[in-house]
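J.: Provided below for reference: sequence and predicted model.
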Amino acid sequence: MNLHALQMLGTPARHATLALALLAGLSPLTAQAQDAAKALGGLFQSLVKPNQPAQPAQQPNSPSGLAGALLGASLAPAGGQAVQGGDLFKLLSQSLDQIDEPREIQIGQQLAAVLLGSKPLYPDVAMQRYINQLGRWISLQSPRPDLPWTFAILDDPGFNAFATPGGYVFVTKGLIDRVTDEGELAGILAHEITHVTAKHHLIALNKSARAGLLTQVISSQLKNDLGGMVSSQLLALGKNMYTKGLDQQDEFDADRTGVALAARSGFDPYGLVAVLQQLRTAAPDDALFALSLSTHPPAQTRLNQLEQAMGTRLDAYAGQPSVTVAQRMSGANRRPTAQAPARPPVKK
Amino acid sequence: MILSKSKFQVGMVISALLAFNTLAQAQPQGEAALIKREAQLREGPGDTSRSLAPLPVQTPVTRLGDRQGAWIKVRMADGATGWVHMFDITSASAQSGSTGAGALRSLSSFFNKGSAQSSGSTVATSTIGIRGLGAEDLASAQPNLAAVAQADANRANAAQARQFAGNASLSSRQVEPLPTPAPPAASPSGAAPEQYGR
């Protein structure tokens, strides 16, 4: 079919241009345009906004949208074959065995794009580098040290953290502002890293995809804009997952395994416990905590589970002098090549 | 687009205003807490530190800001200060007081709501419309692959991470995995009922 011809043309830029040209003046989207969109999968999505007539090719909806599409095409994992979003969804609806690591990463990239579509990156590059160094160090002690771990701070006042398959971990700027010290942040990152290493999100996506319930709901919802783009199903599944949260057993597992992972990385195992005690005091209707609270088991229940698991087993690993994020940022991270420790070192 | 943008701006303004309130609420410092099992008020952080006073179950204490590992600094009703293990205290509102119980009830229903609507596309958690990243943001999010590429560019490699750890005097340690406790008793909806202490 003609879609093939489109794909044969080669460069991603060609794809995007053609796609735009195809769309120009088509409102609402015709079946043809939808087919084209389907063929282009994730590449195409940033160009199409729901409930909006397509723009002429000279004026794409947003320049960043176009850039996104172009860059997006190069995001496919090196060495792996780029699979269209729709195919990813199909694979997800079958068996988890179908999802090898490159595909897992690709799914994670699409979901990362959704999270970054809901909130932008926090613009402080030094802080983004800091969270990557910190997170990468912890991930090195995890069972999957070789994933392309990527950490990012979302420009959002709320208190939350997310992970997507393949090694993307997000924290909000509001969370960074509220943690008392680096040990607490490390505890949160270790919790999210565990979601990735244990494939909690991938398994949850697989479950909902196989249940098939959501698919119908979604395709009826998207009838007038992205309907027919199969990969939009993956994104819809993802949106639902991040709104609804994971199974609470997954959260308990991430708490427990994360605490041990933080300790393994040289951090205070009580960092996460301190965060949960803080979360416990947050009012449930507090808008800045709303999504964290609604997507996780009650903090008191998590604390009880952690207490049963930890007892005093990890107390010997605790008690480091705490370093705040600001202290670390003003020290070592500002001088990444400095040989001498720039901050009062954290002594074990 | 225009609509959602103005909504976004209004949201930002209001959430900025709210931030003052919530910051104070979120701080454990000054939080009223209760001793949940018999313990000692210690002079310093650690079991080997001198005992200042016995702490019977249900003793009210106020959390001060300090924490060292598992130990937090507290103040007694008589003004004496000392240290207790984090696991020996529980939030005062979690155990008693009508406002606390009410808050937890609504927290629980928040959670139930999420579970109950699992077959829906997104859960409309919003009645207030002011928040951090929330269900509405996710629902209306357009995938931003350019931002993903930008995030990818900030990655640290293993060598950089090790250098960071070295500068911070962090070293890896052998830590056994923790045992898995029995899950909390589950209610029919799958949501956990609150457990207050043990």
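T.: Noted; the coordinates are in hand.

J.: Break down chain A into its strands, ranges please.
T.: Shown for chain A, the strands assigned by DSSP state E span residues A:150-154, A:161-164, A:168-172.

J.: okay, the second one in CSV with CA atoms only?
T.: The C-alpha coordinates for strand A:161-164 follow below in CSV (Å, rounded to 0.1, in the frame of the first residue of the first chain):
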residue,chain,number,x,y,z
ALA,A,161,8.4,10.8,40.9
PHE,A,162,7.9,8.5,37.9
ALA,A,163,9.8,5.9,36.0
THR,A,164,9.2,4.4,32.6
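
J.: And chain B, is it touching that?
T.: No. Applying CB under 8 Å from any CB of the partner chain, one finds strand A:161-164 separated from chain B by no less than 8.7 Å. Every residue, glycine included, has its C-beta placed from N, CA and C.

J.: on contacts alone, who are the packing partners of that strand?
T.: Secondary structure elements in contact with strand A:161-164, counted by 3 or more CB pairs under 8 Å, 6 or more residues apart in numbering or on different chains; DSSP states H and E, are helix A:101-118, strand A:168-172, helix A:182-197.

J.: The closest residue to A:L147 other than its chain neighbours - how many residues pack around it?
T.: In space, not counting the residues next to it along the chain, A:L147 is nearest to A:G167; the distance is 3.7 Å by CB to CB, 6 or more residues apart in numbering or on different chains. Other residues near A:G167 come to 27 when the count uses other CB atoms under 10 Å in any protein chain shown.

J.: what does stretch A:122-132 rub up against?
T.: Stretch A:122-132 is touched from outside by A:121, A:149-155, A:171, A:173, A:176, A:189, A:325, A:328-329, A:333-334, A:336, B:151, B:154-156, with contacts defined as CB atoms under 8 Å, 6 or more residues apart in numbering or on different chains.

J.: buried subset of these?
T.: When burial is judged by neighbour count using 16 or more other CB atoms under 10 Å in any protein chain shown, the buried members of those are A:121, A:149-154, A:171, A:173, A:176, A:189, A:325, A:328-329, A:333, A:336, B:151, B:154-156.

J.: Mean pLDDT and distance to A:M310 added to the strands of chain A, as a markdown table?
T.: Listed next are the strands of chain A as a markdown table, based on pLDDT from 0 to 100; distance: least, CB to CB, whole Å:
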| stretch | mean pLDDT | distance to A:M310 |
| --- | --- | --- |
| strand A:150-154 | 98 | 25 |
| strand A:161-164 | 96 | 20 |
| strand A:168-172 | 97 | 23 |
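
J.: Switch these over to a markdown table; also include distance to A:Y130.
T.: As requested, those are arranged in a markdown table below (distance: least, CB to CB, whole Å):
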| stretch | distance to A:Y130 |
| --- | --- |
| strand A:150-154 | 9 |
| strand A:161-164 | 16 |
| strand A:168-172 | 11 |
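
J.: Out of those, which is closest to A:L205?
T.: For A:L205, the closest of the strands of chain A is strand A:161-164, at 9.9 Å, according to CB to CB.

J.: The closest one pairs with which strands?
T.: In the sheet, strand A:161-164 lines up against strand A:168-172 (antiparallel) (DSSP bridges).

J.: Can you give me the pLDDT of the residue in chain A that chain B sits nearest to?
T.: For chain A and chain B, the shortest gap (CB to the nearest CB) falls at A:G158, measuring 1.1 Å. Reading off the per-residue confidence, A:G158 sits at a pLDDT of 92.

J.: May I ask which helix or strand of the chain has the lowest mean pLDDT?
T.: The chain I'm using is chain A. Using mean pLDDT, DSSP states H and E, the weakest-scoring helix or strand in chain A turns out to be helix A:42-45, at a mean of 35.

J.: Wait, chain B was what I had in mind.
T.: By the measure given (mean pLDDT, DSSP H and E), helix B:98-116 is the least confident helix or strand of chain B, showing a mean of 33.

J.: Tell me the confidence at the residue nearest to A:L147?
T.: According to the model's per-residue confidence, A:G167 sits at a pLDDT of 98.

J.: So for the residue of chain B found nearest chain A, what's the nearest residue that isn't a sequence neighbour?
T.: With CB to the nearest CB as the measure, the residue in chain B that lies nearest chain A is B:G132; the distance is 1.1 Å. Nearest residue to B:G132 in three dimensions, chain neighbours excluded: A:G158, at 1.1 Å (CB to CB, 6+ apart).

J.: how close does the one you found get to A:V171?
T.: Using CB to CB, to the nearest Å, we find A:G158 at a distance of 10 Å from A:V171.

J.: who's in contact with the residue nearest to A:L147?
T.: Residues near A:G167 by CB under 8 Å, 6+ apart: A:105, A:108, A:139, A:144, A:147-150, A:196.
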